[in-house]
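In: quick one, what's the 3D model for this:
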Amino acid sequence: MDWEDLFREVILDRGYDYYLEDAVELQNVTNDHIEAIVSGNEEYEVEIDFDHDRIVGMYCSCPYAEKGYNCKHMAAVLYKWQENKQDQLVISNDCSSTDSNNTLTDLIKGANQEQVNEFLYDVLNNDTNLLTKFRQYINNYEISINEYKSEIDRVVRSYLGRNYFISYDEANDFIDTMENYIYHDVNGMIDDGDYLKAFELTCYLFVKVGNVDIDDSDGGTGTFADLCFKTWNQILDECDEMIEEKIYNWFIGHLNGSVIDYMEDYIENILMSRFKSEKFLKEKLRYTENKVNFLKKQSGNWYTDFIFEKWVLHHLEIMEELKYSVDDIYSYCQKYWQYSRIREYYISICINQKKYNEAIKLINESLQLDAGKRGLIIEYRTKLKEIYKQINNDEAYKEQLWQLVTTDNPGNLDDFNELKSLYSNKEWINIREQIFAMLPENVRIDRLFEQEKLYDRLLMYVLKTPGLNCLFEYEKVLKLQYPQELLQKYTDELNQKARYTANRKTYQEWVMILKRMTKITGGNIAVKKIVTEWKKIYKNRRAMMEELNRL
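Out: Below you'll find the predicted structure:
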């Protein structure tokens, strides 16, 4: 078996990242033993033991490995060790720490019964998780949901520590530990048909993770919520109606702020995407109506308005699923007509039912109601354009495109090219100039210049634009025709930057730009001139001189 098979994919990915970042230091390597240090925010010791072509034991000092799992630090060390190896290791699935001179089997055989009993007692007495697993193994013992909850509580407390906070360095290991309950325990319950227990454990994990104070910079909480969402769907696919109703009631009961807002969205999403029988739809209709009435009383700011609109839309979607008439749906929309998303919803119904004249009327009304809201205006104008195209009103279709290209969405390449397709090549040359003349000053006209291969105008745009970002963007298309102009722009910008002292990282960035300049015709000469001048003018900037010498 390939050693990578002993790690979950996400663990391998994180281990490989450590390996690529040179976070692994191999301290002692023999034919049968590796000792290494893996560095992140903390340093962890890793040991791996071999018996000929087999790995017989792995150890890491990180919290994740201490709970019996193969961790990313182990994977990182194996990637580093394998760097110059051609043959893949074959590894035993039941890896564990062991003396480097003995295989696990030999070690156990060499112990007498008294030693085994004494060791087991000490280990199990100090690790309730292992005690539960041992009891389950020996007696075919079924762990109760309360025992699982107690175990999870202990694990969470161990990660939170005295500061009641899970740091960035431990966040991934914490999420991995929580995920293992899903992969190992919950999935086993599903396989056994114990859907209610599987659901209860998944929900407990979901709420627990959703309420811990954690540095979630890597997005592990969202990844875990995705896994719970997938697991809920799997349970709902397989369970009977009685369990489905209990699950429904749990979801309804937990749309109450029991977890952080964005995780509550997962509960809301599954509640709305599942439970499609008439009974559930009617219950959801009552729930959404009550929710709308409650939110209607809240203070009006952009966030509460957003939440309010969302629940009105949920209500409308359920009305459609229950086959309410279009008139009933329109009447409900009218109650909240001031909200743009409600109008958009009904406009979409009109378009889907080919009621184009009504849709055009409502879109024009919305253009007035939402004047000044650029994003909405673009959406409305685009809908109008598509309707006129659909009904073969060519003049109105072209008029909407002109409005988009010159006023509502200027600089957008898709609209620009769509308008271009309506004219012959000869006509387009004059039309294009009219468009350029009508564009507001702040529009990114450079994209249109590139599209039309107007490289002389694009060059002027680049030269007039402060900084180097625009030059970076268009260097590839301009450097063959205008090498000297680009090199002069680079030189001017770099000399301007160099007037001010900077840190080493910034000097390194300047050197990278100088290297980039050498790829342009005449660049070597220009770079040599810059470096010579800088070494005279800024000779007392030690870090700068060191970085220039590496060029």
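
In: quick one, longest strand in the chain?
Out: In the chain, with assignment by DSSP state E, the single longest strand is strand 43-51.

In: list the strands paired with whichever helix or strand comes after that one, with their directions.
Out: Next along the chain after strand 43-51, taking DSSP states H and E as the criterion, comes strand 54-60. With DSSP bridges as the test, strand 54-60 is paired with strand 43-51 (antiparallel), strand 90-91 (parallel).

In: closest to Asp415 out of those?
Out: With C-beta to C-beta as the measure, strand 43-51 is the member of the strands paired with strand 54-60 nearest Asp415 (54.3 Å). Where C-beta positions appear, they are placed from N, C-alpha and C, glycine not excepted.

In: before we move on, back to that, so which of the strands paired with strand 54-60 is the most surrounded?
Out: Comparing the strands paired with strand 54-60 by mean neighbour count (mean count of other C-beta atoms under 10 Å), strand 43-51 ranks first with a mean of 21.

In: just give me how far that one sits from the chain centre.
Out: Distance of strand 43-51 from the chain centroid (C-alpha atoms, centre = their mean, to the nearest Å) equals 32 Å.

In: got it, and stretch 201-213?
Out: On C-alpha atoms, centre = their mean, the centre of stretch 201-213 falls 20 Å from that of its chain.

In: adding mean pLDDT and distance to Ala171, write the strands paired with strand 54-60 out as JSON lines.
Out: Formatted as JSON lines, these follow (pLDDT from 0 to 100; distance: least, C-beta to C-beta, whole Å):
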{"stretch": "strand 43-51", "mean pLDDT": "88", "distance to Ala171": "15"}
{"stretch": "strand 90-91", "mean pLDDT": "42", "distance to Ala171": "28"}
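
In: to Tyr507, which of those strands lies closest?
Out: Using C-beta to C-beta, the nearest of the strands paired with strand 54-60 to Tyr507 is strand 43-51, at 29.7 Å.

In: a helix runs through Thr501, doesn't it?
Out: No. Using DSSP: H, G, I helix; E, B strand; the rest coil, the secondary structure at Thr501 is coil, not a helix.

In: mind checking what secondary structure Lys323 has?
Out: Recorded secondary structure, Lys323: coil (three-state DSSP).

In: how much space separates it from Lys282?
Out: Applying C-beta to C-beta, to the nearest Å, the value for Lys323 to Lys282 is 12 Å.

In: out of these two, which sits in the busier spot?
Out: Taking neighbours as other C-beta atoms under 10 Å, Lys323 and Lys282 compare with Lys282 leading, 12 against 9.

In: which residues are in contact with the more buried one?
Out: Residues near Lys282 by C-beta atoms under 8 Å, 6 or more residues apart in numbering: Leu322.

In: so for the helix or strand containing it, what gets flagged as buried?
Out: Element membership for Lys282, per DSSP H and E: helix 278-296. Neighbour counts over helix 278-296 (16 or more other C-beta atoms under 10 Å) mark 280, 283-285, 287-289, 291-292, 295 as buried.

In: same thing with stretch 451-462?
Out: Using 16+ other C-beta under 10 Å as the test for burial, stretch 451-462 gives 452, 454-455, 458-459, 461-462.

In: who's in contact with that stretch?
Out: Residues outside stretch 451-462 that contact it (C-beta under 8 Å, 6+ apart): 413, 416-417, 432, 445-446, 449-450, 470-471, 474, 477-478, 481-482, 485-486, 489.

In: among the residues you listed, which ones are buried?
Out: Among the contacts of stretch 451-462, those buried by neighbour count (16+ other C-beta under 10 Å) are 416, 432, 445-446, 449-450, 470-471, 474, 478, 482, 486, 489.

In: list just the nearest of these to Lys383.
Out: Phe416 (18.7 Å).

In: where exactly do the helices run in the stretch 351-500 of the chain?
Out: Under the criterion DSSP state H, counting those that start in this stretch, the stretch 351-500 of the chain carries helices at the ranges 356-369, 374-390, 394-403, 413-420, 425-438, 446-451, 455-464, 469-478, 483-498.

In: what packs against the second one?
Out: This points to helix 374-390. Contacts defined by 3 or more C-beta pairs under 8 Å, 6 or more residues apart in numbering; DSSP states H and E place helix 374-390 against helix 340-352, helix 356-369, helix 394-403.

In: now with 6 Å, please.
Out: If you count contacts as 3 or more C-beta pairs under 6 Å, 6 or more residues apart in numbering; DSSP states H and E, helix 374-390 packs onto helix 356-369, helix 394-403.
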